[in-house]
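**Q** the sequence and its predicted three-dimensional model are supplied below.
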Amino acid sequence: MLSIGGSAKMTADVLLNKIFTVNSLRKAVNNKNGDLYKETINSLSINNGEIKTNLDAIKNMYKYMYKSHRNEYFYKNTLINKILLGRHSVRTSTAIRELPISNNILDLLIINGIGQVYEIKTGLDNLNRLKDQLNAYYMAFSYCNVVTDLSHLDDLKELLSDTPTGIILLTNRGTLHVEKSPSEYNDKLNSREIFRILRKGEFENIIKKNFGYLPKVGQSKYYQECFKLFKTIEVKKTQKFMLDELKKRSSINQENYSYFKDIPKELKALVYFSDYKIKEYNVLQEFLNTKY
């Protein structure tokens, strides 16, 4: 792979941010954004001899990200590969991305008995909003981590030294090193924020489980009446019930597990969050094996 610099690198980085998304992968597979796909590969100055199939093209794009552009997707994909798939299992654990909570968007949550938050701060990010973000996440979750690179490490060690928040370093070798383990912290847990995270069917499951019935009121008052019941449950219990419901959101099941297992590591996060059916897994594999 040739090294690229200046404006050419900026162009390549922007294109990579666009191509490694759930929607862009779907479009590429269905031949609906071929121009963007080819433009991204061309921008990286890859030797054409290295690319025989679409899988080769994707591996080369990802290799560039590993060396020169560790964007948010690279971080999330590393967390999925190293923690969800490496330390846990998709059969027993669930990952959720971009979860809205108190006017913030949580980067990644992995549930395996407990719920662990992973807030990503790449070398391209700043730390200005981190305190507010963590305060929000602790309203619903007891374990939070910041995942970062060497450029932020010293600042984070100082900023988080007397806090329960963990620090995980994404090393130059692409591994995850725990610089500081998270501690359980429940002081900010808030029933309303936990309730807001849940979908209608999810909070109904919790209310039925605890009270045996749902409020019999008009639609305009239904949400508020459900919350009145919900908030009477001890907040640590509501957190557990919430995690149980969120864990059910995983799209990987007994039927599609063997298909997901065969997805290349470069695309694990994109496919995990795509809710693919068997037919779509087959179409994706056909695309990957097709001559570029």
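**A** Cool, the structure landed.

**Q** and the pLDDT for residue 156?
**A** pLDDT for residue 156: 98.

**Q** dihedrals phi and psi, the residue lying closest to it once chain neighbours are set aside?
**A** Excluding its sequence neighbours, the residue lying closest to residue 156 (Cβ to Cβ, 6 or more residues apart in numbering) is residue 167, at 5.3 Å. Quick note: C-beta positions are derived from backbone N, CA and C, even for glycine. When read as degrees, to the nearest 10, the backbone of residue 167 gives phi -130, psi 130.

**Q** just to check, residue 167 is in contact with residue 176?
**A** No - checked against Cβ atoms under 8 Å, the pair residue 167 and residue 176 is beyond contact range at 10.9 Å.

**Q** these two: which has the busier surroundings?
**A** Neighbours per residue, other Cβ atoms under 10 Å: of residue 167 and residue 176, the larger number sits with residue 167, 23 against 19.

**Q** give me every residue that touches that one.
**A** With contacts defined as Cβ atoms under 8 Å, 6 or more residues apart in numbering, the neighbours of residue 167 are 145, 146, 148, 153, 156, 157, 160, 178, 179, 180.

**Q** kindly provide the distance from the third one to residue 22.
**A** Here the distance between residue 148 and residue 22 works out to 24 Å (Cβ to Cβ, to the nearest Å).

**Q** so which of those two has more stuff around it?
**A** Between residue 148 and residue 22, counting by other Cβ under 10 Å, residue 148 is the more crowded of the two (24 against 15).

**Q** you'd agree the more buried one is up against residue 165?
**A** No - the pair residue 148 and residue 165 does not pass the contact test of Cβ under 8 Å, sitting 11.5 Å apart.

**Q** what is the mean pLDDT for stretch 83-103?
**A** On average, stretch 83-103 scores 93.

**Q** can you tell me what sits against that stretch?
**A** Applying Cβ under 8 Å, 6+ apart, the set of residues contacting stretch 83-103 from outside is 76, 79-80, 105-112, 118, 136-137, 139-140, 176, 193, 196-197, 246-250, 252, 257, 260, 268-269, 272-273.

**Q** no further questions, thank you.
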